[in-house]
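Trainee: here are the coordinates; sequence isn't available:
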């Protein structure tokens, strides 16, 4: 279940892998290679909804200019 902190929805790597229909290791590799950015909260890597949308639209966590 996604977490919401200060109006920002955050997903775990497992939740993102389920949403995308890929393996956990695939999302972990995207993070390691810089294709997705995570935020560490309480020792857990979380991906914001905005970062996920940027990945889906641009193939990276970077916003299009």
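Mentor: Now that the structure is in, tell me what you want to look at. This structure is a prediction, so every number in the text was calculated from the model and none was measured. Residues are numbered from 1 along each chain as shown.
Trainee: When you work out contacts or count neighbours from here on, use the C-alpha atoms and nothing else.
Mentor: Fine.
Trainee: can you give me the mean pLDDT across the helix or strand hosting residue 50?
Mentor: Using DSSP states H and E, residue 50 sits within helix 49-58. Throughout helix 49-58, pLDDT has a mean value of 92.
Trainee: Counting by contacts, list what that helix packs against.
Mentor: strand 8-12 (3 or more CA pairs under 8 Å, 6 or more residues apart in numbering; DSSP states H and E).
Trainee: Name the residues that touch the strand it packs on?
Mentor: 1-4, 44-49 (CA atoms under 8 Å, 6 or more residues apart in numbering).
Trainee: strands paired with that strand, and their directions?
Mentor: strand 3-5 (antiparallel), strand 44-48 (antiparallel) (DSSP bridges).
Trainee: how about TSV for the ones you listed, with mean neighbour count added?
Mentor: Below are those laid out as TSV (neighbours: other CA atoms under 10 Å):
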stretch	mean neighbour count
strand 3-5	11
strand 44-48	19
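Trainee: Which one, of those strands, ends up nearest to residue 20?
Mentor: Nearest to residue 20, of all these, is strand 44-48, at 12.9 Å by CA to CA.
Trainee: Contacts for that closest one, please.
Mentor: 8-13, 16, 36-40.
Trainee: any idea which of the residues you listed has the most stuff around it?
Mentor: Counting neighbours by other CA atoms under 10 Å, residue 10 comes out on top of the contacts of strand 44-48 with 24 neighbours.
Trainee: State the distance from that one to residue 36.
Mentor: According to CA to CA, to the nearest Å, residue 10 and residue 36 sit 13 Å apart.
Trainee: Quick check, central residue of this structure?
Mentor: residue 47 (3.1 Å; CA atoms, centre = their mean).
Trainee: Output the below-cut-off pLDDT ranges for this structure.
Mentor: Within the chain, the set of residues satisfying pLDDT under 70 comprises 60-65.
Trainee: let's go with 50 and repeat that
Mentor: Filtered on pLDDT under 50, the chain yields the residue ranges 65.
Trainee: Not counting residues beside it along the chain, what's closest to residue 4?
Mentor: Using CA to CA, 6 or more residues apart in numbering and skipping residues adjacent in sequence, the residue nearest residue 4 is residue 10, 6.0 Å away.
Trainee: Cool, thanks, signing off.
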